[in-house]
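1. Next come a sequence and a model predicted from it.
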Amino acid sequence: MSTRTASAADDPVIESRADLLEVFAKGEKPRDRWRIGTEHEKFVYFTSDHRAPSYEEKGGIHALLIGLTRYGWEPVYEGDNIIALSGSDGSVSLEPAGQFELSGAPLENLHQTCAETGRHLTQVKEVGDMLGLGFLGLGLWPDKRRDELPIMPKGRYKIMLDHMPRVGSMGLDMMMRTCTIQTNLDYSSEADMVKKFRVSLALQPLATALFANSPFLEGKPNGFLSYRSHIWTDTDPHRTGMLPFVFDDGFGYERYADYMLNVPMYFVFRDGGYVDAAGLDFKDFLSGNLSVRPGEKPTKDDWNDHLSTAFPEVRLKSFLEMRGADGGPWNTICALPAFWVGILYDQTALDAAYDLVKDWSIAEQQQLRDDVPRLALDARAPGGRSLHDVAREVMKIADAGLKARARLNGVGDSEQSFLNPLHEIVASGKVPAQRLLDRYHGEWGGDLSRIYGEMSF
């Protein structure tokens, strides 16, 4: 989640509806300026006993942040606490229970993206080795209860932790027990955004299936392949889900702004701190009638903050965020942006993907999204096809899209190689969670502690 630490002195007040839409329109870029942003989270644990470290304890999260400054990362403070780092590779931030996130810089190609991932993981492992910390690549804590997990000292998280139980049964699990990989991509125009939004939203359940990696909860199988995805089904109905209106005639910036205006607020950031506005109406803020800031109207930064508090399967800000994948090992961190870049950044590939999904009904898409957390590639896609069959077709589209981009590294390798982990999954029909379950019931003999040795970075 985004980190805000200061209010800009020149942050303008929103004066009109055009100001709300401006953030989306300013995201438009010509093709030669399209970039790739990758975000990935991992669980942090003490190697001695697999316990999740608190922020302040010796060798804990604060020490990990301080340790990374040796690589040129600059501390970011909230009050007296370092809660993030900034640098040339983007930013490092903390999720509510100490999950460690890199929000990568906007990069030109996938070779740069994977190199950035490699630098980050090398750095955290080097510091972790000194502190006795390890890093686990999964979509869900496999063996931790919520009451065993620490809370990071970030103001927005306190507000969210208080609010989540009011609106869903699994919001605290989402905040404290999950990790994800996300890809952020650009668009050239409103029409290009719409087409990319529709394709990526329809295919988001396929990404969830391919990256399903959360089959354990509190020390045993949980009955799902992506329990992380299942958690989102009862987190907060006002700000999650498949967004069927994206497929309505006339969808564009205006309709997405209307959606966001109906998403209840979480907070207002003022004077370096967070004011609790959970459940309040942003439209009241626009009219100067927000109860916690009477007479005050929102700034553009407030609107950007608000845009970051909705969590649909695909999210629009000044770029599109793909939000369907579980956290996983190094090669899947590189594979997720390869999957979406191959589909969305080549026009022929985008057109082919659109032709594949354009006749899928809203009900069929929702059914697929509901089935995938349990069934992954064994789910039935719209039209009665197996999702596994759809995966074969989509992987061909993504591969062709990367080939057409022809972005080579210094030794002549193409971006297509980053899809190899997904080709292996599709060839075998087994997603990562199924392979973990095979090990748990087989060679591990039900000893889930083995997962730390096999799924750590």
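-> Here it is on my side, so go on.

2. Going by C-alpha atoms from here, please, whenever you check contacts or count neighbours.
-> Will do.

3. wait, residue 369 sits on residue 205?
-> Yes - between residue 369 and residue 205 there is a contact under C-alpha atoms under 8 Å: 5.3 Å.

4. Please say which of these two ends up with more neighbours.
-> Legend: neighbour count by other C-alpha atoms under 10 Å for residue 369 and residue 205, higher for residue 205 (30 against 26).

5. The more buried one is in what secondary structure piece?
-> helix 190-210 (DSSP states H and E).

6. in the sheet, who's paired with the residue nearest the centre of the chain?
-> Centroid-nearest residue in the chain: residue 182, 3.7 Å away (criterion: C-alpha atoms, centre = their mean). Beta-bridge partners of residue 182, counted by DSSP bridges, are residue 39.

7. which residues touch it?
-> Counting by C-alpha atoms under 8 Å, 6 or more residues apart in numbering, residue 182 touches 38-40, 321-325, 336-337.

8. From residue 67, how far off is it?
-> 25 Å (C-alpha to C-alpha, to the nearest Å).

9. Go through the contacts of residue 182 and flag which are in helices.
-> Among the contacts of residue 182, the members falling in helices (DSSP state H) are 336-337.

10. Pick the one among the contacts of residue 182 closest to residue 127.
-> residue 40 (18.0 Å; C-alpha to C-alpha).

11. was I right about the closest one contacting residue 94?
-> No - using C-alpha under 8 Å as the test, residue 40 is too far from residue 94 to be in contact (11.2 Å).

12. joint contacts of these two?
-> Applying C-alpha under 8 Å, 6+ apart, one finds that residue 40 and residue 94 are jointly contacted by residue 101.

13. the helices in the stretch 201-350 of the chain, which residues?
-> Remark: helices assigned in the stretch 201-350 of the chain by DSSP state H, counting those that start in this stretch are 227-231, 253-261, 282-286, 300-307, 330-344, 347-357.

14. what mean pLDDT would you report for the longest one?
-> Read it as helix 330-344. Taken as a whole, helix 330-344 has a mean pLDDT of 98.

15. list the helices and strands that helix packs on?
-> Here helix 330-344 touches strand 36-46, helix 110-131, strand 180-185, helix 347-357, helix 387-405, helix 420-428, going by 3 or more C-alpha pairs under 8 Å, 6 or more residues apart in numbering; DSSP states H and E.

16. hmm, 10 Å instead?
-> strand 36-46, helix 110-131, strand 180-185, helix 190-210, strand 320-326, helix 347-357, helix 387-405, helix 420-428 (3 or more C-alpha pairs under 10 Å, 6 or more residues apart in numbering; DSSP states H and E).

17. What is the subsequent helix or strand relative to the first one?
-> Using DSSP H and E, the next helix or strand after strand 36-46 towards the C-terminus is helix 61-68.

18. Over to the longest one?
-> Per DSSP H and E, helix 110-131 leads on to strand 133-136 as the next helix or strand towards the C-terminus.

19. what about that following strand, distance to the chain center?
-> 20 Å (C-alpha atoms, centre = their mean, to the nearest Å).

20. before we move on, the earlier item: between the contacts of residue 182, which sits nearest residue 300?
-> Looking across the contacts of residue 182 and measuring by C-alpha to C-alpha, the closest to residue 300 is residue 321, at 20.0 Å.

21. In contact with residue 288, which residues?
-> 282, 294-298 (C-alpha atoms under 10 Å, 6 or more residues apart in numbering).

22. Make a PyMOL selection of the buried ones in those residues.
-> Provided next is the PyMOL selection string for whichever of the contacts of residue 288 are buried by 16 or more other C-alpha atoms under 10 Å:
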select buried, resi 282+296+297+298
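
23. could the contacts of residue 288 be laid out in JSON lines, adding pLDDT and distance to residue 222?
-> Shown next, in JSON lines, are these (pLDDT from 0 to 100; distance: C-alpha to C-alpha, whole Å):
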{"residue": "282", "pLDDT": "98", "distance to residue 222": "38"}
{"residue": "294", "pLDDT": "97", "distance to residue 222": "47"}
{"residue": "295", "pLDDT": "97", "distance to residue 222": "49"}
{"residue": "296", "pLDDT": "97", "distance to residue 222": "47"}
{"residue": "297", "pLDDT": "97", "distance to residue 222": "46"}
{"residue": "298", "pLDDT": "98", "distance to residue 222": "43"}
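
24. biggest separation within the contacts of residue 288, which pair?
-> 282 and 295 (13.5 Å).

25. joint contacts of those two?
-> Residues touching both residue 282 and residue 295 (C-alpha under 10 Å, 6+ apart): 288-289.

26. how close does residue 310 get to residue 18?
-> 21 Å.

27. which of those two has more neighbours?
-> Set residue 310 next to residue 18 and count neighbours by other C-alpha under 10 Å: residue 310 wins out with 22 against 11.

28. Confirm for me that that one is in contact with residue 256.
-> No - applying C-alpha atoms under 10 Å as the test, residue 310 and residue 256 come out as separate, 11.2 Å apart.

29. The residue lying closest to residue 118 once chain neighbours are set aside: neighbour count?
-> Closest residue to residue 118 apart from its sequence neighbours, by C-alpha to C-alpha, 6 or more residues apart in numbering: residue 330 at 8.0 Å. Residue 330 has 17 neighbours, counted by other C-alpha under 10 Å.
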